[in-house]
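1. Sequence and predicted structure, then a few things I'm wondering about:
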Amino acid sequence: MDLLKSTIAKVTPLNDLAMAKIKKASHNLITPEGCLGYLETILQKYVGITNEITPSVPKKCMVVACADHGVAEEGVSAYPVETTVQMTRNYLVAKGAGANAMALHCGADLVVVDVGIAAPMEKIEGLIDRKINYGTKNFTKGPAMTESEAIRSLEIGIEIATQKIAEGYRCFCLGEMGIANTTSSAAIVAAFAKLAPKKATGRGTNISDERLLKKIQVVEKGLAVNKPNSNDGLDVLKKVGGFELGCLAGVILGCAANRAAVVIDGFNASAAALIAASLCPLSKKFLIGSHLSAEPAHSKALEILELKAYIDMHFRFGEATGAALAMSILDATIKSYLHESNPENTTIVDPDQMLSEILPDRYIAASLDNEAMQACQLHIDNLTKPLGSLGHLEKLAVQLAGITEMSKPKNLKKSILLFSTPKNSLIYAFASHTKANLTIADLDNSKMNCGQALALGMQVADQEFKKGSRILGIGESLNLTPYGQQVPNRFANKSLESFTNIDNVELAAITGAIIAAAANKCAIMLDGPLTALAARIAVSMNKEINNYLINASLSPEPLHKEAIESLNLNAYLYLDSTLYEGCQAALGMTLLDACLHMVNDMKTFKQAAVAIANDGPGANRQSLDI
């Protein structure tokens, strides 16, 4: 208890001076003011946490705490209890879990701790053995743990954070493994948010309707039996919590006391953060939001924590996967502020020297490879995770499979195309972060007409494909021309020659690049309103092009929302940013990088010797023979 009290006493407010200085500096460096949107907020908060007037890319630590829950005996998960043991081995032996793949994606070092697995663990290299007990008690019959066990779980987390911070880690994300832990988290969030159990409880491991009803009843009973005090985080943890959730709450407290940032993941990590915030309200200030989980009460938990979710991938997974995406975006933002880039990856081309005759019939987009898509989906469904739990990341991977005709797409070279010279230097850092080549064909001083610009866009996209690129990001200038619905309608089902009627050469070049990229079977990452508008025009000429399009973010511009909705595209990043020039496309490419890590770095249930689902849709799809 002494460590817990002394740690809480060490927590002090964020550094307002550091935040004010970086705000002023960023406004001087980046125009127009405020175009970074939420990226600026993240950067300011990070320096306020770490006291770094000039931030550096942090050394990152992913802490995965593992423990079992007595309430699992009520049958609330799609997976058997032994999965906790098997997945713990998976992290450190097979190294094929979602946490492993996403740690590789964001450059974090993985720390795995046993705080309460309900089985003796053989000596596994890298496993930190801090077992408190062999799982918690069934909280439908009484408290999940004793008060001393609850305190111990918190203090273990504090000790881990303190040690890792001493080793130089400045940014943490939190993962968890424990069958039935979303049942515990639902009870925790219901207690703190005063929600009815039905509103706090979700499908977790993608359980069936019947098992979901059972899970809701279990949460109701646990709260009724224990009556946790929502004003006392220790009481909530003791009565309906889990050892791993207490440990993660302790990591948060340890980070807050030692000026390190914590990027909060999904529902379980947020439940742990609620416990930490109840014990030390100021600890909320040391949290950075990431994604919105598909669990129904996650948004309420984030509201209490005063956090914004700016990524929406429909994850229902945990293991710090969503937080890892956010860590990569944080790194990119810091690099852009520091102007870190790789000049060798930038190519400047002279538009007037590139023109040659274009053969429109050559640029016909084909259908996606359905066989590759089906094979990719089957592989993803049998990776060591609940069925469909990585949401849009899975769908993007399947789309890439169909585009590239590779059942397990990997090593996809990336390029970002610009048809005007960027006014900000940020794109150089963003492109470097995602390891994309940057090609600039500046039309600002060209005397091309729009038909010629269309041809130029095709040729530039052709050139990048011939150099090996299979993912093309297409940027746009900051000067948005306010076109509307009438533009794509003008070109519907018409030939490319009709493009001479349009009056914006950048729009023409972007459209040409999209047409050629799709014909060359390249994935196309859009940047903002103008690229989305160009995509509408291209699709009006050939509907197959739509299958090659990926939209990264949602701009505040109303035209952008209208355009992506008409194309039936999703937005994954909600940054409230008007910084284009390829920057949004580059951030979208980080999501595709995560897709490739998922497909290639995760192991199947068979490879990792992990049990498959016994309930819900996973029971009919997952197999130990794949």
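-> Arrived safely.
2. Sketch out the low-pLDDT regions of the stretch 501-626 of the chain for me.
-> 501-503 (pLDDT under 70).
3. which residues of it fall in strands?
-> 523-526, 549-551 (DSSP state E, counting those that start in this stretch).
4. how far out from the middle of the chain is the shortest one?
-> This points to strand 549-551. Centroid separation for strand 549-551 versus its chain: 16 Å, with C-alpha atoms, centre = their mean, to the nearest Å.
5. That one - contacts with which helices or strands?
-> Helices and strands touching strand 549-551, by 3 or more C-beta pairs under 8 Å, 6 or more residues apart in numbering; DSSP states H and E, are strand 523-526, helix 529-541, helix 583-601. Every residue, glycine included, has its C-beta placed from N, CA and C.
6. Could you export the ones you listed as JSON lines, including mean neighbour count and distance to Asp352?
-> Putting the helices and strands packed on strand 549-551 into JSON lines (neighbours: other C-beta atoms under 10 Å; distance: least, C-beta to C-beta, whole Å) gives the following:
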{"stretch": "strand 523-526", "mean neighbour count": "28", "distance to Asp352": "25"}
{"stretch": "helix 529-541", "mean neighbour count": "27", "distance to Asp352": "21"}
{"stretch": "helix 583-601", "mean neighbour count": "25", "distance to Asp352": "25"}
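7. closest to Lys214 out of those?
-> Lys214 sits nearest to helix 583-601 of all the helices and strands packed on strand 549-551, at 30.4 Å, using C-beta to C-beta.
8. quick one, which of the strands of the stretch 501-626 of the chain is nearest to Ile216?
-> Using C-beta to C-beta, the nearest of the strands of the stretch 501-626 of the chain to Ile216 is strand 549-551, at 35.6 Å.
9. Relative to that closest one, what are the paired strands and their orientations?
-> Strand 549-551 has its sheet partners listed here by DSSP bridges as strand 523-526 (parallel).
10. Now tell me what touches the strand it pairs with from outside.
-> With contacts defined as C-beta atoms under 8 Å, 6 or more residues apart in numbering, strand 523-526 is touched by 399-400, 403-404, 412, 470-474, 514, 517-518, 532, 535, 548-552, 564, 569, 584-585, 588-589, 592.
11. just to revisit the earlier point, could I get the strands of the stretch 501-626 of the chain in a markdown table, plus columns for distance to Gln163?
-> Shown next, in a markdown table, are these (distance: least, C-beta to C-beta, whole Å):
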| stretch | distance to Gln163 |
| --- | --- |
| strand 523-526 | 40 |
| strand 549-551 | 41 |
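12. Of all these, which one comes closest to Glu244?
-> strand 549-551 (35.0 Å).
13. what does that closest one rub up against?
-> 396, 399, 514, 523-526, 532, 535, 539, 564, 567, 569-572, 588, 592.
14. On the three-state scheme, the nearest residue to Ser420 once chain neighbours are set aside is what?
-> Excluding the flanking residues, the one nearest Ser420 by C-beta to C-beta, 6 or more residues apart in numbering is Ser477, at 4.3 Å. Per DSSP: H, G, I helix; E, B strand; the rest coil, the local secondary structure of Ser477 is coil.
15. Counting neighbours, what do you get for Ser477?
-> By other C-beta atoms under 10 Å, the residues close to Ser477 number 21.
16. residues contacting it?
-> Contacts of Ser477 by C-beta under 8 Å, 6+ apart are Phe419, Ser420, Lys423, Glu506, Leu530, Tyr580, Glu581.
17. how about the residues you listed in JSON lines, adding distance to Val57?
-> What follows is the contacts of Ser477, written out as JSON lines (distance: C-beta to C-beta, whole Å):
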{"residue": "Phe419", "distance to Val57": "30"}
{"residue": "Ser420", "distance to Val57": "29"}
{"residue": "Lys423", "distance to Val57": "25"}
{"residue": "Glu506", "distance to Val57": "33"}
{"residue": "Leu530", "distance to Val57": "31"}
{"residue": "Tyr580", "distance to Val57": "24"}
{"residue": "Glu581", "distance to Val57": "22"}
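18. Weed out the non-buried ones from those residues.
-> Buried by 16 or more other C-beta atoms under 10 Å: Phe419, Ser420, Glu506, Leu530, Tyr580, Glu581, out of these.
19. quick one, what contacts the fifth one?
-> Meaning Tyr580. Gly475, Glu476, Ser477, Leu478, Asp527, Gly528, Leu530, Ser555.
20. switch to 7 Å and redo it
-> Gly475, Glu476, Leu478, Asp527, Gly528 (C-beta atoms under 7 Å, 6 or more residues apart in numbering).
21. Looking at these, which one is closest to His298?
-> Among the contacts of Tyr580, Gly528 lies closest to His298 (C-beta to C-beta), at 27.9 Å.
22. so that closest one touches Ser555, yeah?
-> Yes. Look at Gly528 against Ser555 with C-beta atoms under 7 Å: they come within range, at 5.1 Å.
23. For Asn296, list the residues it contacts.
-> You called it Asn, but residue 296 is Pro. Each residue near Pro296 by C-beta under 7 Å, 6+ apart is listed here: Lys199, Gly202.
24. before we move on, what SS does it have?
-> Per three-state DSSP, Pro296 ends up coil.
25. The residue nearest to His433 when sequence neighbours are not counted and Cys106: what is the separation?
-> Counting by C-beta to C-beta, 6+ apart, His433 lies nearest to Ala332, which is 4.2 Å off, once chain neighbours are set aside. Going from Ala332 to Cys106 by C-beta to C-beta, to the nearest Å gives 11 Å.
26. go on, Val218?
-> Taking C-beta to C-beta, one finds Val218 at 34 Å from Cys106.
27. Centroid-nearest residue for this protein?
-> By C-alpha atoms, centre = their mean, the mean C-alpha position of the chain lies nearest to Leu325, the distance being 3.4 Å.
28. Just say helix, strand or coil for that one.
-> Leu325 ends up helix, using three-state DSSP.
29. need the contact list for it.
-> Leu325 sits next to Ser290, His291, Ile311, Leu591, Ala594 when contact means C-beta under 7 Å, 6+ apart.
30. Touching the helix or strand Ile304 falls within from outside, list them.
-> Using DSSP states H and E, Ile304 sits in helix 298-305. The contact list for helix 298-305 (C-beta under 7 Å, 6+ apart) reads 189, 192-193, 195, 266-267, 270-271, 273-274, 277, 284, 287, 289, 292, 309.
31. closest to Gly246 among those residues?
-> The closest of these to Gly246 turns out to be Ala271 (C-beta to C-beta; 10.5 Å).
32. which residue sits closest to that closest one, ignoring its sequence neighbours?
-> Nearest residue to Ala271 in three dimensions, chain neighbours excluded: Ser185, at 3.7 Å (C-beta to C-beta, 6+ apart).
33. ditto for Ala397
-> Ala397's closest residue in space is Cys595 (C-beta to C-beta, 6+ apart), at 4.2 Å.
34. Would you check that that neighbour makes contact with Val398?
-> No. With contacts defined as C-beta under 7 Å, Cys595 does not count as touching Val398, sitting 9.2 Å away.
35. what secondary structure does Ile380 sit in?
-> helix.
36. per-residue pLDDT, it?
-> As predicted, Ile380 sits at a pLDDT of 99.
37. and it, how far is that from Lys395?
-> 9 Å.
38. who has more neighbours, those two?
-> Neighbour tally, Ile380 and Lys395, criterion other C-beta under 10 Å: the higher count belongs to Ile380, 24 against 17.
39. Just confirm Tyr169 contacts Lys59, I think it does.
-> Yes. With contact defined as C-beta under 7 Å, Tyr169 counts as touching Lys59 (4.9 Å).
40. which one of those two has more residues nearby?
-> Set side by side, Tyr169 and Lys59 show more neighbours around Tyr169, with 22 against 16, by other C-beta under 10 Å.
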